[in-house]
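**Student:** build the 3D model from these lines:
(3 chains)
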Amino acid sequence: MTAETISAPRHRPFRRPLFRRRSAIPGFGLTLGVTLTILSLIVLIPLSAVAIKASALSPSEFVAAAFSERAVAAYRLTFGAAFVAAVINGVFGVLTTWALVRYEFPGKAVVNALVDLPFALPTAVAGIALATLYAPNGWVGQYLTPLGIKAAYNPIGVTIALIFIGLPFVVRTLEPVMRDLSADVEEAAASLGAGRFDTILRVILPALGPAWLTGFALAFARGVGEYGSVIFIAGNMPYKSEIAPLLIIIQLEQFEYANAAAIALVMLAVSFLMLLIINAVQAWARRFS
Amino acid sequence: MAQSKARHPTEDPVWAKAVIIGLMLAFLGLVLILPLAAVFAEALRKGLGPALAAISNPDALAAVKLTLITAGIAVPFNAVFGLCAAWAIAKHEFPGKPLLITLIDLPFSVSPVVAGLIYVLVFGLQGWFGERLIDHDIKIIFAVPGIVLATIFVTFPFIARELIPLMQEQGVAEEEAAVSMGASGLYTFWRVTAPNVRWGLLYGVLLCNARAMGEFGAVSVVSGHIRGLTNTMPLHVEILYNEYDFVAAFAVAALLCLLAIVTLVLKGLLEIAQPDVKRGGGH
Amino acid sequence: MTISIRSVEKKFGRYPALNSVDLEIADGELVALLGPSGSGKTTLLRTIAGLEFPDAGQVLFEGQDVTFASAAARRVGFVFQQYALFKHMTVARNIAFGLDVRKGRDKPSKAEIKTRVEDLLKLVELEGLGGRYPSQLSGGQRQRVALSRALAVQPSVLLLDEPFGALDATVRKSLRKELRRVHDATGVTTIFVTHDQEEALELADRVAILNAGRIEQIGTPHEVHDHPATPFVCGFVGEANRFEGTVSGGRFTAGPVVLPAPGAADGPAIAFVRPHDLVLDAAGFAAKVDRVVIQGPLANVDARLPDGRRIEVCAARDDAASFTGEVTLSARRTHVFAA
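**Tutor:** Numbering: from 1, shown residues only, chains lettered A, B, ... in the order given. Next comes the predicted model:
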């Protein structure tokens, strides 16, 4: 049978390892060590600087810096525009995903690739392009001006930029879920006598709920922090069209580091809250799968 | 139409399809396609000559060079980190894993401006190490190291979050098989794991690179905007735009658009050739 | 290679996967680890392989402590449940992997490796397929590649995790015989995990039956089937009718059912009767026949006791005609355990 031409390797004595083995696959200590070290040095320690710097302020100073009238106006604009943009993306994102998943039409591959444009296009480029388009004399703006609509250099402009930034989050979160919605569930609904509209309203949309909420939250969270695409189209008028990230930069330019850190801390708190909400929604969604 | 009566119960009527596709195209046109077209139109407003001149201007070339250097450091750095993190997380069991994954994802939820700010707070003049750095004549903020650090931060999770689910899905059996036959850890990684994750890695690198080259907010905070020295391409676009040199601004922007288009084409091709790569990543 | 497992314990989180397991395996034996899912059989196999490491206890190879030695140092050949073939390597490269990774003096020449791979392909009847990729093979062929890859390193022990689990019934049967043939040809100590009792009983020299992280019994297929040591083994290996009742004076009684229980202590007890141990007997207990199913040479009878409980009887096909309406049965053999 098997010719014994190859001898077994030399006998090596079994040594007891220094510490108890946990896994048969090597490299755990090394890779986890590298991971934790880099994570701490690049992300965690620098992020903690915000809290430490802000804690140099007394409570009243902190409130004065983080919740000044100007800062509150900036938060209102930032969160409001991000919310409206996420809602609009929520509506058109569902339509877009539905068309991409369910229909065949010419140019579908191009549309599909284009949806990811906001991921790939530098935000500053998007910013100057949108500002040019929606300015009163721009390609689109010139048709809005006679209607009395001003779409740039005000909160509407901010919202337009955040729609651009947020769209792929909604589409790409919905897409796999919509694809996995098996046709037989719909066929079952149809066979039970549900009309098409009923099926969509009572079977399909509820099944998309958690993914929609996740996509909405991701788009909102990204919009809250967005800077590059917004500043060109925002107008940046204090109290009117000034977003919170810009306020941080203004404080920095005036060397008010602690004030900048205070505003940053508020934004970080909102980010963490969004992260918690997203994780909770996803944990909730997993119960159905 | 007689045909529509016989349509499958899960298929929408033709008019509904037309309305949905029409709405989608109108929306995408206003939000995505027109801006893209506007960049090229504005860049070529005075013909090809001025656009090319703007790109070959020494300051523009310096910006291109700095952008390439930044991405050239940040992307490999994040690739090494992503591979380490994915190996530890996907191939081993340990408590606190979900927390670690959340922490790796954290930079996605942080505003780019805050990402820049934190490095100013650590390395800036009034920062933790500010004075010590001056004593040793090391410049991080308003210099290339700060730009690289800020870029690493904002692109930090890209490759890791592409690789972790991919490697988790592939399980550990092949690695266990290799190890049980006497392969070392490194040999197992190169000969068994790497061939299984190379397309996912490439996908992550592609997205990471696009963001690294295009990052604006974080880099803007730490750069200092010194022409020819600490300006990346997106920052150069901003300066030109604010100086009302629109043709030049859009010419450099068009270059960045081409980068985005190439990225999207490669990404699309990868998704067609290797459907496995398309996962939760990409944000 | 003799293998000793001594008081091995292993927990996953709070869930105990192995609970003080002892097992001795002789050189050249073919042993099956049989049990339901979650019984710890795969964990035990992986502990022997060096893919899991126990919380307590020892694993000895030839009397030497290898509890924390790596799989490679133990020289085990492991066949994974889903085979874990390297997708991007040809069949030949897969089989050669364990030889390719050797270094220096231990590394065979290219020609030696080639010969070895060809010998192994011949052994598992896959000659000429060395250039294919795993994706181009059928399930049964992949299983054979996995087996020859494990054998290529001349392992001191061959370990197989549910080796036939992913295959359909006909392929399973032929590969079962194949594994026995390969074992007899190579003489390597072999341990395999299965949840399929038929597979274990047909293939193995000895069968270890696991339940909830413990070994309930180890013995030859004949022993575990005919002389089950515990109620679990009796219920798990082979078909059995189960009765809960009491023993009194060498007789087991459960409602209308009375069974001989020689030597059993008085008190509450559980009795098992194999379907083929039930025979027609005018002096036995009454049952009503519901249905008779002919399966080849056998007649499987579904019957009901007067109190409504169902029992199964297995008789020769020729006797099928006797099982109509009311019958009386008695047991030729019973297994009685104190409850």
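**Student:** got the CA coordinates for stretch A:118-133 in CSV?
**Tutor:** C-alpha atoms of stretch A:118-133 as CSV (Å, rounded to 0.1, in the frame of the first residue of the first chain):
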residue,chain,number,x,y,z
PRO,A,118,-20.8,59.8,-1.6
PHE,A,119,-18.5,57.1,0.0
ALA,A,120,-15.9,57.6,-2.7
LEU,A,121,-16.1,61.3,-3.5
PRO,A,122,-14.1,63.6,-1.3
THR,A,123,-16.6,65.7,0.7
ALA,A,124,-15.0,69.0,-0.3
VAL,A,125,-15.6,68.2,-3.9
ALA,A,126,-19.2,67.4,-3.2
GLY,A,127,-19.4,70.7,-1.2
ILE,A,128,-18.2,73.0,-4.0
ALA,A,129,-20.2,71.1,-6.6
LEU,A,130,-23.5,71.4,-4.6
ALA,A,131,-22.8,75.0,-3.8
THR,A,132,-22.3,75.8,-7.4
LEU,A,133,-25.4,73.9,-8.5
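**Student:** which single residue in the stretch 151-283 of chain B comes nearest to chain A?
**Tutor:** B:Gly214 (2.9 Å; Cβ to the nearest Cβ). C-beta coordinates here come from the backbone N, C-alpha and C atoms, glycine included.
**Student:** count the residues that sit near that residue.
**Tutor:** 28 (other Cβ atoms under 10 Å in any protein chain shown).
**Student:** for the host helix or strand of A:Ile231, buried residues please.
**Tutor:** Using DSSP states H and E, A:Ile231 sits within helix A:228-234. Buried residues in helix A:228-234, counted by 16 or more other Cβ atoms under 10 Å in any protein chain shown: A:228-234.
**Student:** quick one on the thing from earlier: now the residue of the stretch 151-283 of chain B closest to chain A, what are its backbone angles?
**Tutor:** Backbone torsions for B:Gly214, taken as degrees, to the nearest 10, come to phi -100, psi 0.
**Student:** so it makes contact with B:Leu258?
**Tutor:** No - judged on Cβ atoms under 8 Å, B:Gly214 makes no contact with B:Leu258 at a distance of 12.0 Å.
**Student:** on that earlier part again, per-residue pLDDT of the residue of the stretch 151-283 of chain B closest to chain A, please?
**Tutor:** If you check B:Gly214, the pLDDT there is 94.
**Student:** which bits of chain B sit near chain C?
**Tutor:** Within chain B, the positions near chain C by Cβ under 8 Å from any Cβ of the partner chain are B:173-174, B:176-184, B:187, B:191-192, B:195-196.
**Student:** just the residues you listed: which are in helices?
**Tutor:** B:173-174, B:176-180, B:187, B:195-196 (DSSP state H).
**Student:** report the buried members of these.
**Tutor:** By 16+ other Cβ under 10 Å, these give B:173-174, B:176-180, B:187, B:196 as buried.
**Student:** go through the residues you listed and say which is closest to C:Ala26.
**Tutor:** Nearest to C:Ala26 among those: B:Ser180, at 22.8 Å, using Cβ to Cβ.
**Student:** contacts only, for the closest one.
**Tutor:** A:24, C:49-51, C:71-72, C:76-78 (Cβ atoms under 8 Å, 6 or more residues apart in numbering or on different chains).
**Student:** may I ask which two of the residues you listed are separated the most?
**Tutor:** Longest span within these, Cβ to Cβ: A:Ala24 and C:Gly77, 14.7 Å.
**Student:** which of these two has more neighbours?
**Tutor:** C:Gly77 (27 against 20).
**Student:** and the more buried one, what are its bridge partners?
**Tutor:** Note on C:Gly77: beta-bridge partners C:Leu158, judged by DSSP bridges.
**Student:** quick one: the helices in the stretch 101-250 of chain B?
**Tutor:** Listed in chain order, the helices of the stretch 101-250 of chain B (DSSP state H, counting those that start in this stretch) span B:112-123, B:130-135, B:144-154, B:157-170, B:173-180, B:185-188, B:194-214, B:217-223, B:233-242, B:246-273.
**Student:** which of the ones you listed has the lowest average pLDDT?
**Tutor:** Among the helices of the stretch 101-250 of chain B, helix B:130-135 scores lowest, with a mean of 80.
**Student:** now do the buried residues in that helix.
**Tutor:** B:130, B:133.
**Student:** and for stretch A:53-67?
**Tutor:** A:53-54, A:57, A:62, A:65-66.
**Student:** could you give the mean pLDDT of that stretch?
**Tutor:** 92.
**Student:** identify the residue of the stretch 1-150 of chain A closest to chain B, quick one.
**Tutor:** Counting by Cβ to the nearest Cβ, the stretch 1-150 of chain A gets nearest to chain B through A:Pro122 (2.9 Å).
**Student:** then the stretch 151-289 of chain A?
**Tutor:** Taking Cβ to the nearest Cβ, the stretch 151-289 of chain A has A:Gly225 as its residue nearest chain B, at 2.9 Å.
**Student:** so who does that residue touch?
**Tutor:** Taking Cβ under 8 Å, 6+ apart as the test, what A:Gly225 contacts is A:245, A:267, A:271, B:109-114.
**Student:** counting neighbours, which of those comes out on top?
**Tutor:** That'd be B:Val114 among the contacts of A:Gly225, by other Cβ under 10 Å, with 30 neighbours.
**Student:** now do the same contact list for that one.
**Tutor:** A:50, A:225, A:245, A:248, A:264, A:267-268.
**Student:** mind listing which of these are in helices?
**Tutor:** A:50, A:225, A:245, A:248, A:264, A:267-268.
**Student:** just give me the closest of these to A:Asn137.
**Tutor:** A:Pro245 (27.6 Å).
**Student:** ok, the closest one touching A:Met267?
**Tutor:** Yes - using Cβ under 8 Å, A:Pro245 is in contact with A:Met267, at 7.4 Å.
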